[in-house]
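S.K.: with the sequence up front, the predicted model follows.
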Amino acid sequence: MTPDLHAALLIGAQGMGALFIVMIIIMISVFILKKIFDGHKKEGA
Amino acid sequence: MTELWAASCTAGALLGSVLAAQLGIFLVIIVAVLLGFPLRDAASIGIIGAADGPTSILVSQVLHSKYVGAIAVAAYSYMALVPVVQPLAIRMVTTKKERMIRMEYNGKDVSKGVRIAFPVVVTIITGLIAPASVALVGFLMFGNLVRECGVLDSLADTARTALTNLITLLLGISVSFSMQAEQFVSTDTLLIMALGLAAFILDSMGGVLFAKFINLFRKKKINPMIGAAGISAFPMSARVVQKMALKEDPSNIILMQAAGANVSGQIASVVAGGLVINLVSKFF
């Protein structure tokens, strides 16, 4: 295995993992934001 | 609570499809290395699969790839060819019955607070995890903020019409200077075009196949074509998916779900670009 191939495999694994984490955090943040703002709206209504 | 759980499951399934739709990027990086391209060029070629012109140009320039011109041409060509390439890729991995699956849409109002906070939060999160993607995500989210804040209508108007066209023109002219015949007219360029197409097709298929996999565990099936919309070509990819759904069943409307996956795909592909820059830079 060449160093470049080793690096490419690592980039593939780490890239997909990090992308998964970023997107999960964004999704959770959107749920929290909706809870904060929409919850606030309901209380005011 | 059950409603929230169901919504979370659907969002999770769509998110998975969007992530699977980025798989082609990383697979093609590996294939390009196997074909003998140096790592920095291979990484730049893989990003063509994101179907995002500016991201491809930025990644190839930051990584000092010598194929910036060919990569820009491939990225913009495949963005324009979404209505030709995606239906073929989707048909290869779906049946007519799957393409006819209907999805419920419960439109809910999103408060102004959420719409304003969303771009700020996304920029902060991606900036903390993948600092190299801040330039891309920041500008995408800045456009979102200008539009949603409601007090900068003329700026939002200019940004989405004249400014976008001007920047695309200037970008094209600047990139064309690197396309000198000695470098551009070569077999490497053809190979890059072929690898870009492979990345693009693998992205589309990855999204569809993951949606099909998720359907194995769900009572309420999602239309697997939604997964193919998890790329950056917005709104063309969502339109293609909707058009294909209408072709199979003239009363099947899945545009909103497809557009949702398409927007997530935009964010995911710029984050993927930033991650590739971060990860590749570690090896030099």
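M.R.: Good, I have the coordinates. Everything numeric here is computed off the predicted structure, so don't read it as measured data.
S.K.: okay, now whichever residue of the stretch 101-250 of chain B sits closest to chain A: neighbour count?
M.R.: Relative to chain A, the nearest point of the stretch 101-250 of chain B is B:Gly113 (3.7 Å; CB to the nearest CB). No exception for glycine: its C-beta is placed from N, CA and C like everyone else's. By other CB atoms under 10 Å in any protein chain shown, the residues close to B:Gly113 number 15.
S.K.: tell me if I'm right that it and A:Phe37 touch.
M.R.: Yes. Using CB atoms under 8 Å, B:Gly113 makes contact with A:Phe37 at a distance of 3.7 Å.
S.K.: show me which residues of the stretch 151-284 of chain B are close to chain A?
M.R.: Residues of the stretch 151-284 of chain B found near chain A (CB under 8 Å from any CB of the partner chain) are B:Ser264, B:Ile267, B:Ala268, B:Val271, B:Ala272, B:Leu275, B:Val276, B:Leu279, B:Val280, B:Phe283.
S.K.: scan these and report the most crowded one.
M.R.: B:Ala272 (31 neighbours).
S.K.: find the nearest non-adjacent residue to that residue, please.
M.R.: B:Gln22 (5.0 Å; CB to CB, 6 or more residues apart in numbering or on different chains).
S.K.: pLDDT value on the one you found, please?
M.R.: Turning to B:Gln22, the model gives it a pLDDT of 84.
S.K.: now it. Its backbone dihedrals?
M.R.: phi -100, psi 0 (degrees, to the nearest 10).
S.K.: for the stretch 51-200 of chain B, which segments count as strands?
M.R.: For the stretch 51-200 of chain B, no strands are identified by DSSP state E, counting those that start in this stretch.
S.K.: no no, chain A
M.R.: Under the criterion DSSP state E, chain A contains no strands.
S.K.: what parts of it come near chain B?
M.R.: Counting by CB under 8 Å from any CB, the residues of chain A that sit close to chain B are A:2, A:4-5, A:7-12, A:14-16, A:18-27, A:29-31, A:33-34, A:36-38, A:40-41.
S.K.: from those, which would you call buried?
M.R.: A:4, A:7-8, A:11-12, A:15-16, A:18-19, A:22-23, A:25-27, A:29-30, A:33-34, A:37-38 (16 or more other CB atoms under 10 Å in any protein chain shown).
S.K.: so B:Val59 makes contact with B:Ile45?
M.R.: No. B:Val59 lies out of contact with B:Ile45 (CB under 8 Å); the separation is 9.7 Å.
S.K.: for chain A, which residues score under the pLDDT cut-off?
M.R.: Residues of chain A meeting the criterion pLDDT under 70: A:39-45.
S.K.: rerun at 90
M.R.: Applying pLDDT under 90 to chain A flags the ranges A:1-3, A:15-45.
S.K.: helices of that one, residue ranges please.
M.R.: Using DSSP state H, the helices of chain A run over residues A:3-44.
S.K.: what part of chain B, helix or strand, is modelled with the least confidence?
M.R.: helix B:2-20 (a mean of 64; mean pLDDT, DSSP states H and E).
S.K.: after that helix, which helix or strand is next?
M.R.: helix B:23-34 (DSSP states H and E).
S.K.: could you pull out the helices in the stretch 1-150 of chain B for me?
M.R.: Per DSSP state H, counting those that start in this stretch, the stretch 1-150 of chain B carries helices over the ranges B:2-20, B:23-34, B:39-46, B:53-62, B:68-80, B:82-93, B:96-99, B:112-129, B:134-148.
S.K.: out of those helices, which one sits most buried?
M.R.: With neighbours defined as mean count of other CB atoms under 10 Å in any protein chain shown, those peak in mean count at helix B:39-46, which reaches a mean of 29.
S.K.: give me phi/psi at the nearest residue to B:Leu191 once chain neighbours are set aside?
M.R.: Nearest residue to B:Leu191, sequence neighbours excluded (CB to CB, 6+ apart): B:Leu35, at 6.8 Å. Torsion angles at B:Leu35 (phi, psi; degrees, to the nearest 10) stand at phi -80, psi 0.
S.K.: B:Leu35 and chain A, how far apart?
M.R.: Using CB to the nearest CB, to the nearest Å, B:Leu35 is found at 11 Å from chain A.
S.K.: next one: B:Arg40
M.R.: For B:Arg40 relative to chain A (CB to the nearest CB), the value is 10 Å.
S.K.: so what's that residue up against?
M.R.: Residues counted as contacts of B:Arg40 (CB atoms under 8 Å, 6 or more residues apart in numbering or on different chains) are B:Leu63, B:His64, B:Ser65, B:Val280, B:Phe284.
S.K.: among these, which one sits closest to chain A?
M.R.: B:Val280 (6.4 Å).
S.K.: ok, that closest one touching A:Ile11?
M.R.: Yes. Using CB under 8 Å, B:Val280 is in contact with A:Ile11, at 6.4 Å.
S.K.: where do the contact lists of the two overlap?
M.R.: With CB under 8 Å, 6+ apart as the test, B:Val280 and A:Ile11 both reach B:Ala43.
S.K.: give the contact list for the closest residue to B:Met179 other than its chain neighbours.
M.R.: In this structure, B:Met179 finds its nearest non-sequential neighbour in B:Gly69, 3.6 Å apart by CB to CB, 6+ apart. Taking CB under 8 Å, 6+ apart, we find B:Gly69 in contact with B:Val175, B:Ser176, B:Ser178, B:Met179, B:Gln183, B:Phe184.
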